[in-house]
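S.K.: Turn this into a model:
(one chain, ligands or ions: 1)
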Amino acid sequence: MSAPSDRAAWLREQIARHNDAYFVRDSPLIPDADYDELVRELRSLEREDPSLVVPTSPSQTVGAAPDTTFQPVAHRAPMLSLDNVFDEAELRAWADRVSRSLELDPETIAFCVEPKIDGLALSIHYDDGELAWAATRGDGRTGEDVTANVRTVATVPTSIGPLVGGLDVRGEVFFAKAAFTELNRLQRERAEREFANPRNAAAGSLRQKNPAITAERALSFLAYQVVDPANVLDVTSQGALLAKLGDLGYLVAADARVVIGVNAMVERSSWFHEHRHDLPFDVDGAVIKVDDFAQRAQLGTTSRAPRWAIARKFPPEERTTRLVSIEVSIGRTGRATPYAVLEPVVVAGSTVSLATLHNADQVALKDVRPGDLVIVRKAGDVIPEVVGAVPDPALERAEAWTFPELCPECGGPLVRLGDERDSYCVNPNCPAQLLQQVAHFASRGALDIEGLGEQRAAQLIEAGLVRDVADLFSLRVADLEALEGLGAVSAAALVGAIERAKAQPLSRVLVALGIRHVGPVAARALATWFRAYAELAEAPLVELEVIEGVGPVIAASVFQFVRSPEVIERMERLASAGVTLVEPSSDELDQTLRGRAVVVTGAVPGFTRESAEAAIVARGGTSPGTVSAKTYCVVVGDAPGASKLTKARALGVALVAAEEFESLLATGAWRATIA
Ligand code: IVH
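M.R.: Residues are numbered from 1 along each chain as shown. Take a look at the predicted model:
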């Protein structure tokens, strides 16, 4: 361990290097979260030993010195930064300090909760209502003159008169997600460098020597602050200011809300976290501001940040970690997917030690090698992925990784067909493929065979009891008892679970078979159209193509699948084992939800909004759009509506996870509720 003073000096140097990369060169070397970590560590060292604080410490300053290629502009009032909190407890501690300073009951304070847009801060000065100049934040006192470029931004009004005197409007310049995607598409088309993220693109576009280039790019400006608003605009609160800015023609955050009390404030800030992927722009947190300007004046500011505002940063979706090795996994179709083995790191709130690298081309493109420091990303529910390597000139890198020629599981050849991006293990007897097929066959969304996970499936294959999914139905208790960890009771339970799976509707069987491109939605469309597997197997291609929700790609895949000799044999065996292979029509369905109102909020995997409602109605229930005291339960999918959740909690209505939707339909009940 180095001495705290050495460590602080090292941290200062690192932070200065990253400030320069981020603020001056618009090309950050590490994710924001790793940067925040460095700053946090420095601040805690300085807290423990105040003698370590030097005037140039990044904890005492804002941003980086302005770039000399732009004219310097002195800000009329300093452009401050915000202090960060990283979880609810820290946010409440901040609110506590605020309420103690104001000597007010925390539940009576009004807060304005806004999205924290990941862009760059801009100050626009108007004289008598006419745009005079615009500048970046720079070091907070002196910024860079980017007036010519800002004049080309469509959402910046150049004239807001009639107003007398000077006015500074501040806000964030950013790229909306859609505009960013389009920009990178154009960059690719022109064989120009693509931007790593919307923030870099915004910075690179605003800090352009040639305003014509800025003009070509669909930058936006969102306003959230005015210097001396009470004097100039006659408003005394943030809520009123945002309304006024909207009236003057500025873009303001549509989802910003003024709420009363700390509890409501915490909840609204979480709303931004839950909805971050639904917003049209990238957000890295929520900004919470004391709404009333008189209260703000009482709270004051420090040299770098106001005491009346705080940024609640969301769990980072990107982190850096060390790449240990690159391996290849074999899926149930034989597809070989490269993945990264990583030193464990917490990303978006969970520990990640494996991340996908998608395919061989991606590994080559990203040029990541064992031993590299890499950026890992986990956005929303997606599988963690490796974004790229962090350049480190001091590191001697390993050889570039090459895709293996042989299947790591069975030693058979890995084949890349025609223009496919993926390589496949084409050995039909590859045990890894069989393992994935069996595990998928028994999984929750498929035949839902309790007690048959990947480990158990591996045992069955190893023992030679299962060579095809159809073999599951001839397993006997006596066969299973011999397996390690399976006594008479659990062996009997497993056989029972397999027996019950025979009655699953055809739609589930189609999912279980793992037909390429056929997910639960298409499976249900096929099953309700044909009702019996025998009909589906005979159907001409044109009939498959006309089914709503199927389309030509799925149709071709199904058409080919049902005609393959292995599949014909498997289906005959399933049928003779007693698997029903029919889809009950809705009048045959158990009326498990008769007279019950089930509200669905958010996306339920495997269902569209319409098909989820239809499934409830087909079982005798209703699916209203609002929660009331009469609601039976609320099914909570991905990105649920905050107001429905709040109302359900207030009324004590059960919240049921989307994963339970199928069993809710089947039984009318749920196993557990969520908080
Ligand atoms: S208020 C004195 N509101 O976040 C208050 N800032 O990390 C200054 N930001 O420098 C800022 N969204 O560039 C405020 N709704 C919002 C914001 C926001 C993004 C940026 C801004 C600020 C940085 C601090």
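S.K.: And for Glu462, the neighbour number?
M.R.: Glu462 is flanked by 12 other residues according to other Cβ atoms under 10 Å. Heads up, the C-betas are built off the backbone N, CA and C, glycines and all.
S.K.: Check it and give its pLDDT.
M.R.: Looking at Glu462, its pLDDT reads 91.
S.K.: repeat for Arg322
M.R.: Looking at Arg322, the pLDDT reads 96.
S.K.: ok, the residue sitting furthest away from the middle of the chain to Ala488 distance?
M.R.: Largest separation from the mean C-alpha position in the chain: Ala478, at 46.6 Å (Cα atoms, centre = their mean). To Ala488, Ala478 is 10 Å away according to Cβ to Cβ, to the nearest Å.
S.K.: Ok, Val599 next?
M.R.: To Ala488, Val599 is 44 Å away according to Cβ to Cβ.
S.K.: quick one: which of the two has more around it?
M.R.: Neighbour count, other Cβ under 10 Å: between Val599 and Ala488, Val599 has more, with 24 against 11.
S.K.: Contact residues of the stretch 101-250 of the chain facing the ligand?
M.R.: By the rule Cβ under 6 Å from any ligand atom, the part of the stretch 101-250 of the chain lying against the ligand is Glu114, Lys116, Ile117, Ala121, Glu172, Tyr224, Gln225.
S.K.: Adding neighbour count, write those out as TSV.
M.R.: TSV is the format used below for those (neighbours: other Cβ atoms under 10 Å):
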residue	neighbour count
Glu114	27
Lys116	24
Ile117	26
Ala121	22
Glu172	23
Tyr224	24
Gln225	20
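S.K.: could you dump those residues to a markdown table with secondary structure?
M.R.: Formatted as a markdown table, these follow (DSSP: H, G, I helix; E, B strand; the rest coil):
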| residue | secondary structure |
| --- | --- |
| Glu114 | strand |
| Lys116 | strand |
| Ile117 | strand |
| Ala121 | strand |
| Glu172 | strand |
| Tyr224 | strand |
| Gln225 | strand |
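S.K.: nearest to Leu323, of the residues you listed?
M.R.: Lys116 (30.3 Å; Cβ to Cβ).
S.K.: Kindly provide the distance from the nearest residue to the closest one once chain neighbours are set aside to the ligand.
M.R.: What sits nearest to Lys116 in space, not counting adjacent residues and going by Cβ to Cβ, 6 or more residues apart in numbering, is Gly285, at 3.9 Å. Distance from Gly285 to the ligand, counting by Cβ to the nearest ligand atom, to the nearest Å: 8 Å.
S.K.: Which strand residues bridge Gly285?
M.R.: Beta bridges link Gly285 to Lys116, Lys313, judged by DSSP bridges.
S.K.: what about it, how many neighbours?
M.R.: Gly285: 25 neighbours (other Cβ under 10 Å).
S.K.: can you tell me which residues contact it?
M.R.: Residues near Gly285 by Cβ atoms under 8 Å, 6 or more residues apart in numbering: Asn84, Lys116, Phe272, Ala311, Arg312, Lys313, Phe314.
S.K.: which parts of this structure sit against the ligand?
M.R.: The chain comes close to the ligand at residues 80-82, 114, 116-117, 121, 172, 224-225, 287, 306, 309, 311, as judged by Cβ under 6 Å from any ligand atom.
S.K.: State the pair within those residues that is farthest apart.
M.R.: Between any two of the residues of the chain next to the ligand, the greatest separation by Cβ to Cβ is 17.7 Å, found for Ile117 and Pro306.
S.K.: Please pull out the lowest mean pLDDT helix or strand from this protein.
M.R.: Lowest mean confidence among the helices and strands of the chain (mean pLDDT, DSSP states H and E): helix 229-233, at a mean of 83.
S.K.: residues in contact with that one?
M.R.: Helix 229-233 is contacted by residues Leu163, Gly165, Leu167, Val226, Val235, Thr236, Leu241, Lys244, Phe293 when judged by Cβ under 8 Å, 6+ apart.
S.K.: Against the ligand, how distant is the second one?
M.R.: It refers to Gly165. Distance of Gly165 to the ligand, given as Cβ to the nearest ligand atom: 22 Å.
S.K.: And the last one, by the same measure?
M.R.: Between Phe293 and the ligand the distance, using Cβ to the nearest ligand atom, works out to 13 Å.
S.K.: again, but for the fifth one
M.R.: Per Cβ to the nearest ligand atom, Val235 is found 16 Å from the ligand.
S.K.: for the closest residue to the ligand within the stretch 301-450 of the chain, which residues make a bridge with it?
M.R.: The stretch 301-450 of the chain approaches the ligand most closely through Pro306 (4.7 Å), counting by Cβ to the nearest ligand atom. Beta-bridge partners recorded for Pro306 (DSSP bridges): Thr301.
S.K.: State the number of residues packed around it.
M.R.: Neighbourhood size, Pro306 [other Cβ under 10 Å]: 17.
S.K.: how about it, what does it touch?
M.R.: By Cβ under 8 Å, 6+ apart, the contact set of Pro306 is Leu80, Leu82, Arg296, Leu299, Gly300.
S.K.: which ones among the residues you listed are found in strands?
M.R.: Among these, no residue falls in strands (DSSP state E).
S.K.: Please identify which two of those are farthest apart in space.
M.R.: Spatially, the most separated pair among these is Leu82 and Gly300, at 14.7 Å (Cβ to Cβ).
S.K.: ok so, going back, hmm, which of the contacts of helix 229-233 are the buried ones?
M.R.: With neighbours counted by 16 or more other Cβ atoms under 10 Å, those contain buried members at Leu163, Leu167, Val226, Val235, Leu241, Lys244, Phe293.
S.K.: which one of the residues you listed is nearest Ala389?
M.R.: Taking Cβ to Cβ as the measure, Ala389 lies nearest Val226 of those, at 43.0 Å.
S.K.: Chain neighbours aside, what residue packs nearest to the closest one?
M.R.: The shortest distance from Val226 to any non-neighbouring residue, by Cβ to Cβ, 6+ apart, is to Val169 (5.6 Å).
S.K.: Tell me the span between the first and last residue of stretch 414-430.
M.R.: 11 Å (Cα to Cα, to the nearest Å).
S.K.: swap in stretch 160-168?
M.R.: End-to-end span of stretch 160-168 (Cα to Cα): 12 Å.
S.K.: For Asp168, list the residues it contacts.
M.R.: The neighbours of Asp168, taking Cβ under 8 Å, 6+ apart as the test, are His75, Arg76, Ala77, Ser123, Ile124, His125, Tyr126, Val226, Val227.
S.K.: Surely the residue farthest from the centre of the chain forms part of a strand?
M.R.: No. Going by three-state DSSP, the assignment for Ala478 is helix, not a strand.
S.K.: Relative to Leu494, how far out is it?
M.R.: 12 Å.
S.K.: Mind listing the residues bridging to the residue in the chain that the ligand sits nearest to?
M.R.: The nearest approach of the chain to the ligand comes at Ala121, 3.3 Å away (Cβ to the nearest ligand atom). The residues listed as beta-bridge partners of Ala121 by DSSP bridges are Glu172.
S.K.: per-residue confidence at the closest residue to Cys430 other than its chain neighbours?
M.R.: Of all residues not flanking Cys430 in the chain, Cys410 sits nearest, at 4.1 Å (Cβ to Cβ, 6+ apart). The model reports Cys410 with a pLDDT of 92.
S.K.: Fine, thanks again, bye for now.
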